[in-house]
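> test case, fold it:
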Amino acid sequence: MALTKNDIIARIHDLGFTKKKSIDIIESVLEIIKSELEQGDDVLISGFGKFCVKDKKKRRGRNPATGKDLILKKRKVVTFKCSGKLRDKINHPENYY
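Numbers count the residues shown, from 1 in each chain. Okay, here's the model as predicted:
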């Protein structure tokens with residue numbers, strides 16, 4: 001099951017913040033991240049990972065429903081690369097208890 005924004009808000013609320021303050025914190029953090037990515041800047045969160053904006057060139061593609069060939073326009077995508085600490089924690093959780 002996926003962790004949702006509401007789940008994160010509830011966990012912050014459990015730390016003693018009001019529900020409104022918890023919502024404001026999460027919304028502010030997400031807006032900062034979106035704003036930086038929109039400007040083309042990377043977002044590095046130490047111990048967690050790095051969000052990067054990458055350019056994709058235009059390329060040939062195919063409509064899977066019809067099988068018809070088409071050209072996909074150039075676009076930007078957001079990628080995520082997790083930190084070494086997070087990767088180790090995911091792969092070796094017994095070392096973190």
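> which SS class is the closest residue to Asp55 other than its chain neighbours?
Distance criterion Cβ to Cβ, 6 or more residues apart in numbering; nearest residue to Asp55, sequence neighbours excluded, is Lys76 at 5.9 Å. Using the backbone N, CA and C atoms, a C-beta is placed for each residue, glycine as well. When classified by DSSP: H, G, I helix; E, B strand; the rest coil, Lys76 comes out as strand.
> quick check: pLDDT value at Lys76.
Note on Lys76: pLDDT of 96.
> what separation do you get for it and Glu38?
9 Å (Cβ to Cβ, to the nearest Å).
> pull the number of nearby residues for the residue nearest to Asp55.
Taking other Cβ atoms under 10 Å as the neighbour definition, Lys76 ends up with a count of 11.
> for it, what are its contacts?
Gly40, Val53, Lys54, Asp55, Lys56 (Cβ atoms under 8 Å, 6 or more residues apart in numbering).
> run the last query once more with 7 Å
Counting by Cβ atoms under 7 Å, 6 or more residues apart in numbering, Lys76 touches Val53, Lys54, Asp55.
> and if you look at Leu86?
Residues near Leu86 by Cβ under 7 Å, 6+ apart: Gly47, Phe48, Gly49.
> what's the neighbour count on the closest residue to the first one other than its chain neighbours?
If I follow you right, that is Gly47. Closest residue in space to Gly47, ignoring its immediate chain neighbours: Lys85 at 5.0 Å, by Cβ to Cβ, 6+ apart. Using other Cβ under 10 Å, Lys85 has 13 other residues around it.
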